[in-house]
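[1] Here is my input, please return the structure:
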Amino acid sequence: MTNQPRTNHAKGNEHSAQDLSAQDIQAVIDRILAKEEAAAAKGASSGSSARDQSQADDGDTAQSAGRGTVAGGKALAISELAEEHSEFDGEQRDLEERRALRRVGGLSTELEDVTEVEYRQLRLERVVLAGLWSEGTLEDAENSLHELAALAETAGSEVLDGVVQRRLKPDAGTFLGSGKAQELKDIVAATGADTVIVDSELSPSQRRGLEDIVKVKVIDRTALILDIFAQHAKSREGKAQVELAQLEYLLPRLRGWGESMSRQAGGRVGAAGGGIGSRGPGETKIELDRRRIRTRMAKLRREIAGMKPARETKRANRKRNEVPSVAIAGYTNAGKSSLLNRLTDAGVLVQNALFATLDPTVRRAETPDGLPYTLADTVGFVRSLPTQLVEAFRSTLEEVADADLVLHVVDASHPDPEGQIAAVREVLAEVDARKIPEIIVLNKADAADPFVLERLRQREPRHVVVSARTGLGMDALRALISESIPRPHVALTILIPYSRGDLLSRLHESSSEIRSLEHTADGTLAHVVVRDEFVAELEPFAVDG
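    Next comes the predicted model:
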């Protein structure tokens with residue numbers, strides 16, 4: 001009944017269209033295009049109004065409907081800047097390779113049986129997000145869900161919808177309450193999603209209980225982050241660290257049933273049990289899988305331990321040459337790699353995505369007065385970073401723990417920069433790096449709210465405001481680094497014989513400051529400023545200045 005008037009109306013329009021002139025047809029086309037442009041502009045700004053309406057409709061539950069609301073609000077962890085790169089980022093060939101391997105929407109290789117999810121690589125396609133609002137404000141809960149949406153999109157999936165439930169603590173059986181879990185099932189069926197991602201770490205029983213209700217694969221925040229790390233790891237050490245973290249996460253979550261498990265019936269189990277002839281060796285396949293995983297984990301730990309001496313040797317060389325070390329740390333997608341490129345022309349990969357770079361990069365830099373130091377880019381942090389990753393990447397995070405100065409990069413354009421700072425400092429405390437001098441680098445100042453910048457200035461006394469994309473504040477940052485790194489402070493006047501050219505070479509290679517050099521008949525007269533460790537070796541050649 002409802003379709004009939006539309007059909008007749010369409011036929012009428014078809015007949016009338018034959019009587020239109022070319023000018024009339026062009027006018028209709030122009031009006032349609034204008035309406036489409038207006039609709040697109042309206043859709044871009046509708047996220048916040050939809051959220052306010054959702055809060056008014058339900059005080060206990062906030063549901064973000066549609067991809068534009070979940071992943072398009074201001075709290076999205078992926079930047080909305082039009083220009084992603086600057087001239088200092090280089091050719092970005094790694095980025096071209098990564099984008100060439102992006103997943104295509106609509107394709108799926110999922111198995112029908114969700115119980116086999118642990119035994120294969122995660123391939124996220126169309127997902128629905130779910131989270132709890134147990135503390136803080138509703139804005140905090142929505143920011144967390146927006147960050148989860150950004151993580152899901154980084155992993156290669158399409159975010160369809162999201163649900164936030166007001167609840168003091170998770171349900172022990174299904175994480176969400178029974179009513180909300182049933183509502184989530186309806187949303188999954190309506191949107192055609194094949195995966196539910198929960199914004200927390202689920203116990204094995206919670207995930208199994210929620211899967212039984214929604215009838216699709218359920219993964220948690222930890223599994224999602226591990227999947228992103230597995231995609232982006234490039235070096236041999238990085239791949240080994242990620243695999244170890246994945247196996248540690250997988251070990252307590254192994255499960256399965258069916259004929260392949262050879263489950264033991266034991267006696268007569270109702271009418272279905274056959275007693276004699278029905279008893280098998282038990283769930284030996286799970287035990288074998290667990291044994292294989294433990295063996296693989298032990299091998300990976302040995303491999304990672306074997307890679308550690310090479311990294312320690314490099315750090316020892318820098319310490320022996322007395323080269324100060326500066327580590328760049330911060331929340332993921334805060335602009336650490338862009339800052340490294342701006343300061344050193346390193347040309348490392350820069351992408352507007354979470355955890356774009358995992359492998360640490362160390363480059364040489366100089367202060368404005370010529371003092372050399374090293375600049376190390378480390379893996380990004382995130383709220384509730386899985387403990388498996390912190391342990392697996394501990395050897396990499398030691399770059400931060402052994403540094404003389406930490407550049408803590410903060411995305412000043414993010415809705416919750418204070419939360420980012422707290423999350424990063426929590427991880428730094430786990431690797432014993434909180435006592436290292438720290439400079440708060442407020443990045444993306446060109447896109448940040450001036451009131452937020454002023455609030456952060458008042459909160460963090462030792463800060464500098466920069467924009468790695470435009471170059472704003474880079475001179476101030478270089479000057480602050482120059483003031484903060486350890487400097488030589490013992491002034492000496494020495495006469496180095498020409499037979500001890502090795503000492504003069506070390507003065508040039510180390511972080512010593514050479515104020516003047518004069519070649520005399522007896523040797524090279526030098527006025528230098530050196531560190532305490534070098535004084536004892538140079539004292540035999542000291543002369544009155």
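[2] For burial, what's the neighbour tally of E183?
    17 (other C-beta atoms under 10 Å). C-beta coordinates here come from the backbone N, C-alpha and C atoms, glycine included.
[3] before we move on, which element is it in?
    Using DSSP states H and E, the element containing E183 is helix 178-191.
[4] Please point out which parts of that helix sit buried.
    Within helix 178-191, the residues that count as buried by 16 or more other C-beta atoms under 10 Å are 180-181, 183-185, 187-188, 191.
[5] now, which of the residues you listed sits nearest S205?
    Within these, proximity to S205 (C-beta to C-beta) peaks at A181, which comes in at 13.8 Å.
[6] what's that closest one in contact with, if anything?
    Neighbouring residues of A181 by C-beta atoms under 8 Å, 6 or more residues apart in numbering: 174-175, 210, 213-214.
[7] For the longest helix belonging to the chain, name the packing helices and strands.
    Assignment by DSSP state H gives helix 284-320 as the longest helix of the chain. When contacts are defined as 3 or more C-beta pairs under 8 Å, 6 or more residues apart in numbering; DSSP states H and E, helix 284-320 packs onto helix 236-250, helix 394-401.
[8] pLDDT of it, averaged?
    Helix 284-320 carries an average pLDDT of 82.
[9] Can you list the residue ranges for strands in the chain?
    Applying DSSP state E to the chain gives strands spanning 61-65, 126-133, 158-166, 195-198, 217-220, 325-330, 361-366, 372-377, 405-411, 438-443, 463-465, 490-496, 513-519, 524-530.
[10] Export the third one to PDB, keeping only CA atoms.
    Same thing as strand 158-166. The C-alpha coordinates for strand 158-166 follow below in PDB (Å, rounded to 0.1, in the frame of the first residue of the first chain):
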ATOM      1  CA  GLU A 158      34.400  -0.300   9.400                       C
ATOM      2  CA  VAL A 159      32.600   1.100  12.500                       C
ATOM      3  CA  LEU A 160      28.800   0.900  12.200                       C
ATOM      4  CA  ASP A 161      27.500   1.700  15.600                       C
ATOM      5  CA  GLY A 162      28.300   2.100  19.300                       C
ATOM      6  CA  VAL A 163      26.700   1.600  22.600                       C
ATOM      7  CA  VAL A 164      27.600   3.000  26.000                       C
ATOM      8  CA  GLN A 165      25.800   1.600  29.200                       C
ATOM      9  CA  ARG A 166      25.700   3.400  32.500                       C
END
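[11] R515 contacts V529, doesn't it?
    Yes. Taking contacts as C-beta atoms under 8 Å, R515 lies within contact range of V529: 6.8 Å.
[12] Neighbour count for these two, which is higher?
    Using other C-beta under 10 Å as the criterion, R515 and V529 rank with V529 on top: 15 against 10.
[13] Need the per-residue pLDDT for the more buried one.
    Residue-level pLDDT assigned to V529 equals 87.
[14] Can you give me the distance of it to E142?
    54 Å (C-beta to C-beta, to the nearest Å).
[15] for P437, same thing?
    Counting by C-beta to C-beta - P437 and E142 are separated by 35 Å.
[16] Looking at these two, which is more packed in?
    For P437 versus E142, the count of surrounding residues by other C-beta under 10 Å is larger for E142: 25 against 13.
[17] Go ahead and confirm the more buried one touches V164.
    Yes. Between E142 and V164 a contact is recorded at 6.8 Å, counting by C-beta under 8 Å.
[18] before we move on, back to that, taking their axis directions, the longest helix of the chain and strand 361-366 sit at what angle?
    10 degrees (axes from the mean of the first three to the mean of the last three C-alpha atoms, to 10 degrees).
[19] which phi and psi does the closest residue to R425 other than its chain neighbours have?
    The shortest distance from R425 to any non-neighbouring residue, by C-beta to C-beta, 6 or more residues apart in numbering, is to R434 (6.6 Å). Backbone geometry at R434, expressed as degrees, to the nearest 10, gives phi -80, psi -20.
[20] How many residues are close by R434?
    R434 has 14 neighbouring residues, counting by other C-beta under 10 Å.
[21] Likewise for G177?
    Neighbour number of G177 under other C-beta under 10 Å is 17.
[22] S516 too?
    S516 has 9 nearby residues by other C-beta under 10 Å.
[23] okay but it is in contact with A526, surely?
    Yes. Look at S516 against A526 with C-beta under 8 Å: they come within range, at 7.0 Å.
[24] is F381 in a bridge, and if so with what?
    When bridges are called by DSSP bridges, F381 pairs up with Y331.
[25] same deal with Q165?
    As for beta bridges, Q165 partners with T61, L132 under DSSP bridges.
[26] give me the low-pLDDT residue ranges for the stretch 401-545 of the chain?
    The model of the stretch 401-545 of the chain has pLDDT under 70 over residues 510-511, 545.
[27] Please, where are all the helices along it?
    417-430, 450-459, 474-484, 501-509, 532-538 (DSSP state H, counting those that start in this stretch).
[28] which helices and strands does the longest one pack with?
    Under the contact definition 3+ C-beta pairs under 8 Å, 6+ apart, helix 417-430 sits against strand 325-330, strand 405-411, helix 450-459.
[29] Make JSON lines out of these and add mean neighbour count.
    Shown next, in JSON lines, are the helices and strands packed on helix 417-430 (neighbours: other C-beta atoms under 10 Å):
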{"stretch": "strand 325-330", "mean neighbour count": "25"}
{"stretch": "strand 405-411", "mean neighbour count": "25"}
{"stretch": "helix 450-459", "mean neighbour count": "13"}
